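1. take this sequence and fold it.
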Amino acid sequence: MRFPDEVRLAPDEFRLLRDLINQHCGISLNPEARPVVERRLRERLSLHGLQSFGEYYQLLRSADRGRAELDEAIDLVTINETYFFREDYQLRALRTELFPMLRRPPLSRETLNIWSAGCSTGEEVYSIAIMAREAGFSARRDLRIFGSDISRRCVTHARRGVYGPSSFRAIPPEIKKKYFVEHPDGLHVLDELRPWCHFGHLNLLDPARATVVGRVDIIFCRNVLIYFDDVSRRRVIDMFYDRLLPGGFLLLGHSESLLNVSTAFELVHLREDLVYRKPISASRFVSGTEGGALGPGKP
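-> Purely as a prediction, here's the structure:
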């Protein structure tokens, strides 16, 4: 019997694991990721008493335990790097331009719904809530911010709302002091923000599950799709279009665009950023890629 630290991930085993993960959630692992995958998943072999990554692959494909273990594997190999006020220029645009647009007819609605897709440990969701508070939203206003992530561990962390020093590398000191309370286990998000913030486990390649989000006015999906292959990226963007209300906005990371992905969105020039908008007149989905039209989904 080999010791766990002696087990190696062979190239053919890596390809099997890579393809299975890609098929399940769209994440594309390049060959350079093999040592990282080997290191992070080796402990799972020991836990299940397995001798090789080939045996682990068979476990992942099994009907009884495979799905739960696949979630664990994806949790371990995905990158969850984030912090408060990341790409703060977008948050300024949210406060000074997007919120005012969505408060005026024809876009104003009784409840403003925002989805942070790929929220990691929750810093983005709470940053959005802080911007809403700074923009004058009161605790009584109907606002819902939903954060989703494929990592159950990250979702649990986000629900706790307790953070260490690394999460605050870019937040203005006065905002940190105003919206966080220090405790022995870390800085806790202020209670007045919590009623707006909700979190759930979600695979972006599962459109049926995505209906739990409902229809939304804004989607943040920043620095998530860069880890997806082209086909999966198109599927996710199509789903976002379906989830957005007419006139709703999609915000991507600074290095991301919809070029060669979709022509269904309008490009909106803001003072510090470019964002995408579902046309106000949109009545059905029109894809910029191959495939038929999708009717609007139900919330």
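2. how distant is the strand ranked longest in the chain from the center of its chain?
-> Criterion DSSP state E: the longest strand present in the chain is strand 244-252. On the basis of C-alpha atoms, centre = their mean, to the nearest Å, strand 244-252 is displaced by 15 Å from the centre of the chain it belongs to.
3. buried ones in it?
-> Under the neighbour-count criterion of 16 or more other C-beta atoms under 10 Å, strand 244-252 has Leu244, Leu245, Gly247, Gly248, Phe249, Leu250, Leu251, Leu252 buried. C-beta here means a position set from N, CA and C on the backbone, and glycine is covered the same way.
4. tabulate the residues you listed (TSV), appending pLDDT and distance to Val268.
-> Formatted as TSV, the buried residues of strand 244-252 follow (pLDDT from 0 to 100; distance: C-beta to C-beta, whole Å):
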residue	pLDDT	distance to Val268
Leu244	97	13
Leu245	96	15
Gly247	96	10
Gly248	97	11
Phe249	98	7
Leu250	98	10
Leu251	98	10
Leu252	97	12
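5. so which of those comes closest to Leu41?
-> Leu252 (29.7 Å; C-beta to C-beta).
6. distance to Leu259 added to the buried residues of strand 244-252, as a markdown table?
-> Formatted as a markdown table, the entries for the buried residues of strand 244-252 read as follows, by distance: C-beta to C-beta, whole Å:
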| residue | distance to Leu259 |
| --- | --- |
| Leu244 | 19 |
| Leu245 | 24 |
| Gly247 | 22 |
| Gly248 | 20 |
| Phe249 | 18 |
| Leu250 | 14 |
| Leu251 | 16 |
| Leu252 | 11 |
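7. which one of the residues you listed is nearest Leu17?
-> Closest to Leu17, out of all of the buried residues of strand 244-252 and judged by C-beta to C-beta, is Leu252, at 28.1 Å.
8. ok but Val125 is inside a strand, no?
-> No: secondary structure assignment places Val125 outside any strand; it is helix (DSSP: H, G, I helix; E, B strand; the rest coil).
9. ok, the residue nearest to it when sequence neighbours are not counted to Phe199 distance?
-> Spatially, and ignoring its direct neighbours in sequence, Val125 is nearest to Gly147 (3.9 Å; C-beta to C-beta, 6 or more residues apart in numbering). Note on Gly147: its distance to Phe199, by C-beta to C-beta, to the nearest Å, is 5 Å.
10. what is in contact with these two at once?
-> Residues touching both Gly147 and Phe199 (C-beta atoms under 8 Å, 6 or more residues apart in numbering): Cys119, Gly122, Val125, Val155, Ala158.
11. tell me which two of those sit farthest apart.
-> Val125 and Val155 (10.6 Å).
12. quick one, which of those two is more surrounded?
-> Val125 (27 against 21; other C-beta atoms under 10 Å).
13. contacts only, for that one.
-> Ser116, Cys119, Ile145, Phe146, Gly147, Ala158, Cys197, Phe199.
14. let's have those residues in JSON lines, adding pLDDT, secondary structure and neighbour count.
-> Conversion of the contacts of Val125 to JSON lines gives the following (pLDDT from 0 to 100; DSSP: H, G, I helix; E, B strand; the rest coil; neighbours: other C-beta atoms under 10 Å):
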{"residue": "Ser116", "pLDDT": "98", "secondary structure": "strand", "neighbour count": "28"}
{"residue": "Cys119", "pLDDT": "96", "secondary structure": "coil", "neighbour count": "31"}
{"residue": "Ile145", "pLDDT": "97", "secondary structure": "strand", "neighbour count": "25"}
{"residue": "Phe146", "pLDDT": "98", "secondary structure": "strand", "neighbour count": "22"}
{"residue": "Gly147", "pLDDT": "98", "secondary structure": "strand", "neighbour count": "28"}
{"residue": "Ala158", "pLDDT": "98", "secondary structure": "helix", "neighbour count": "27"}
{"residue": "Cys197", "pLDDT": "97", "secondary structure": "strand", "neighbour count": "23"}
{"residue": "Phe199", "pLDDT": "98", "secondary structure": "strand", "neighbour count": "23"}
